[in-house]
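>>> just coords:
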């Protein structure tokens, strides 16, 4: 794919992201994306076959950008506790963001499309985050920053708490204080000296 094609593909994905943010997943059609991008239908089909394909690519792009922002924020001398706190603070920002979020579209997509375990990007991201948090907790235990008897279980629990907070943020609303309480509970459960 040439540079111009790469740029055009990225433009389509960025524009489609805005459409998914505005309309969710279920109500978006290829026509909506064609109109938002101001390209021909054939021009869109050169790059993508369906709204599902576009949406999955939008999710991948979003995940890469989030990973980059998080990685860039970690200093060389950061401790396991510093990194965990940074991760939880980034999650808090995402939870409290009222606009420009794909959360509703993500849930609509996964309720409508039941990809297998191997093809489920959300599942892979969840499992990957659990592994990263588990290693981080293990590192913190080794360094005396945390106390934890079941690092994997604790990591999985942290991710389930965050997922529950995401759903609450979209359905019943959530305050910064509520998120802070959950973060404090997570840190206390690790006996983190923060």
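It's in. No experiment lies behind these values; they were computed from the predicted model shown.
>>> element containing the nearest residue to residue 40 once chain neighbours are set aside, please.
For residue 40, ignoring the flanking residues on the chain, the nearest one in space by Cβ to Cβ, 6 or more residues apart in numbering is residue 34 at 7.1 Å. Where you see a C-beta, it was placed from the backbone N, CA and C, and this is true even at glycine. Using DSSP states H and E, the secondary-structure element containing residue 34 is helix 30-37.
>>> helix or strand right after that helix?
That would be, after helix 30-37 and using DSSP H and E, helix 41-45.
>>> can you name the residues in contact with that next one?
12, 30, 31, 33, 34, 37 (Cβ atoms under 8 Å, 6 or more residues apart in numbering).
>>> please repeat the previous calculation with a cut-off of 10 Å.
8, 12, 16, 30, 31, 33, 34, 35, 37, 54 (Cβ atoms under 10 Å, 6 or more residues apart in numbering).
>>> relative to residue 36, how far out is the fourth one?
What it means is residue 30. From residue 30 across to residue 36, the span is 11 Å (Cβ to Cβ, to the nearest Å).
>>> what is the helix holding residue 34 packed up against?
Counting contacts by 3 or more Cβ pairs under 10 Å, 6 or more residues apart in numbering; DSSP states H and E, helix 30-37 is packed against helix 3-23, helix 41-45, helix 51-73.
>>> tell me the mean pLDDT over that helix?
When pLDDT is averaged over helix 30-37, the result is 96.
>>> from the chain's centroid, how far away is it?
25 Å (Cα atoms, centre = their mean, to the nearest Å).
>>> give the buried residues for that helix.
Using 16 or more other Cβ atoms under 10 Å as the test for burial, helix 30-37 gives 30, 32, 33, 34, 36, 37.
>>> contact partners of it?
Taking Cβ under 10 Å, 6+ apart as the rule, helix 30-37 contacts 8, 11-20, 22-23, 28-29, 39-45, 48-51, 54.
>>> remind me which residues of this protein are low pLDDT?
Applying pLDDT under 70 to the chain flags the ranges 1, 66-74, 115-119, 193-194.
>>> would you point out which residue is most central in it?
When the chain is reduced to its mean C-alpha position, the closest residue under Cα atoms, centre = their mean turns out to be residue 63, at 5.8 Å.
>>> any chance of the contacts of helix 41-45 in JSON lines, with distance to residue 192 too?
Converted to JSON lines, those look like this (distance: Cβ to Cβ, whole Å):
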{"residue": "8", "distance to residue 192": "47"}
{"residue": "12", "distance to residue 192": "43"}
{"residue": "16", "distance to residue 192": "40"}
{"residue": "30", "distance to residue 192": "48"}
{"residue": "31", "distance to residue 192": "51"}
{"residue": "33", "distance to residue 192": "45"}
{"residue": "34", "distance to residue 192": "50"}
{"residue": "35", "distance to residue 192": "50"}
{"residue": "37", "distance to residue 192": "47"}
{"residue": "54", "distance to residue 192": "41"}
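>>> chain neighbours aside, what residue packs nearest to the residue nearest to the centre of the chain?
With Cβ to Cβ, 6+ apart as the criterion, residue 63 has its nearest non-adjacent residue at 6.1 Å, and that residue is residue 125.
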